[in-house]
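Visitor: based on what follows, work out the 3D shape:
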Amino acid sequence: QVELVESGGGLVQPGESLKLACTISGLYKDYDNIGWFRQGPGKEREPVSCINPRYNDTKYADSAKGRFTISADIDKKTVYLHMNDLRVEDTAVYYCVTPILCDSDGGRLVYEQEYWGQGTQVTVAS
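Guide: Prediction:
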């Protein structure tokens, strides 16, 4: 069993930044990929970014490239998503998930057993 807990969401204005955190506990192995997905109001769930913590291999969806940075602290068992220059269209509930396939689209759900956090709300509004 793996547990993930997201934090760091909030209400910000366009152009501002937020740092999300995903803290992992349980039977997690640091060579399993972890991803951030999001689901905006009235939208389908979509990948944002993913990382392999052991090898620090990162991938981003086009919507995140150049603005978001994913990182991992293995000792703290935490994955971060630094989000800069936030836009109204970034408004969504952000979830972390493991394991996933970490590909050039920012992550893909391919495994039968996945573990999700409860999500953290990010709202970008002026």
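
Visitor: can you tell me the SS state at the residue nearest to the spatial centre of the chain?
Guide: The centroid of the chain falls nearest to W36 when counting by Cα atoms, centre = their mean (2.1 Å). Under DSSP: H, G, I helix; E, B strand; the rest coil, the three-state class of W36 is strand.

Visitor: that one touches G107, doesn't it?
Guide: Yes: the pair W36 and G107 qualifies as a contact (Cβ atoms under 8 Å) at a distance of 7.5 Å. C-betas here are computed from N, CA, C, even on glycine.

Visitor: from Q1, how far out is the residue nearest to the centre of the chain?
Guide: 21 Å (Cβ to Cβ, to the nearest Å).

Visitor: returning to that earlier point: what helix or strand is the closest residue to the residue nearest to the centre of the chain other than its chain neighbours on?
Guide: Leaving out its chain neighbours, the residue that sits closest to W36 by Cβ to Cβ, 6 or more residues apart in numbering is V48, at 4.3 Å. Following DSSP states H and E, the helix or strand that holds V48 is strand 46-52.

Visitor: which secondary structure elements does that strand contact?
Guide: strand 34-39, strand 57-60, strand 68-73, strand 78-83 (3 or more Cβ pairs under 8 Å, 6 or more residues apart in numbering; DSSP states H and E).

Visitor: which positions in that strand come out as buried?
Guide: By 16 or more other Cβ atoms under 10 Å, the buried positions in strand 46-52 come out as P47, V48, S49, C50, I51, N52.

Visitor: and for stretch 99-119?
Guide: So stretch 99-119, judged by 16+ other Cβ under 10 Å, has buried residues P99, I100, C102, G106, G107, R108, Y115, G117, G119.

Visitor: for A92, state which of those residues is nearest.
Guide: G119 (9.1 Å; Cβ to Cβ).
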